[in-house]
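Enquirer: Build me a structure from this.
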Amino acid sequence: MRTRATVIVTGPRKGTISRFFICFALFLAGVKSKVVIPGDDIKNLKMDGLIISGGDDLYHALFEQETCELEEVINYQRDLLEYTLLYRAVKEKKPVLGICRGYQLINVFFGGTLHKDIRKGDYKYRYTPFPWKKIELKEDGLLCEIVQKQSLKINTLHYQAVDKLAKKFRLEAVDDYNITQAISSKSHDFLIFGVQWHPEYLFYMKSHFKIFKKLVEAVYARVEQ
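Expert: Prediction:
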């Protein structure tokens, strides 16, 4: 029996529901998980893969658009922790999955920008962990290959969103308003992938669980090289 690889899961100091479901999904997919929060010692951290989870808005967004309401949920220490771990993961070629905030952080890290708040005009929005919104997947994209579908129902628990896509990434899915919903790297020889929604709350649905399985598959592919 092979030793289970370890996937690092980032998160805030408070709030454990999302990371509980992420860790449970990872367990079902075949790896161990370790939660890392701001203030933890990460110098000697064993990391075979990385999930940057959802949560507070990114500090970087303060430098984006000039007007719109900003939720008072900025966590600068968490931003620094996750940028540091992402830098290390890229340097060591460890597979990465970004979820919601983590997906946005990946885009910013590689030079993209964000919408600070998508709740404008006639944009239809609900803040819910339940799947209600339909997105369209790019036919030749990685997400389409993972879930074997052309569309997905997703949940929505975010206000920020990817605006300008980082040059090293490809578009994987959009909503009815052409807002980016998933991205993947086209410039790395290991998995760097992100989704705007929270698949951990939908792990009981095969299509969403397959996203965790894809990460785990990529982790073992690197470990066994």
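Enquirer: Could you point out which residue ranges in the chain have low pLDDT?
Expert: Low-confidence segments of the chain, defined by pLDDT under 70, are located at 1, 58-74.
Enquirer: now the helices for it?
Expert: 17-29, 76-91, 101-109, 142-147, 206-223 (DSSP state H).
Enquirer: quick one: which of these is nearest Asp48?
Expert: helix 206-223 (5.1 Å; CB to CB). Where you see a C-beta, it was placed from the backbone N, CA and C, and this is true even at glycine.
Enquirer: what comes into contact with that closest one?
Expert: 2, 5, 7, 22, 25-26, 28-31, 48-49, 51, 93-95, 97, 143, 146-147, 149, 152, 190-191, 193, 195, 199-200, 202-203 (CB atoms under 8 Å, 6 or more residues apart in numbering).
Enquirer: Give me the subset of those residues that lies in strands.
Expert: Among the contacts of helix 206-223, the ones falling in strands (DSSP state E) are Val7, Gly49, Ile51, Leu97, Leu152, Phe193, Val195.
Enquirer: Just send the helices of the chain back as CSV, with distance to Asp117 and mean neighbour count too.
Expert: Shown next, in CSV, are the helices of the chain (distance: least, CB to CB, whole Å; neighbours: other CB atoms under 10 Å):
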stretch, distance to Asp117, mean neighbour count
helix 17-29, 21, 19
helix 76-91, 18, 17
helix 101-109, 12, 25
helix 142-147, 25, 20
helix 206-223, 25, 19
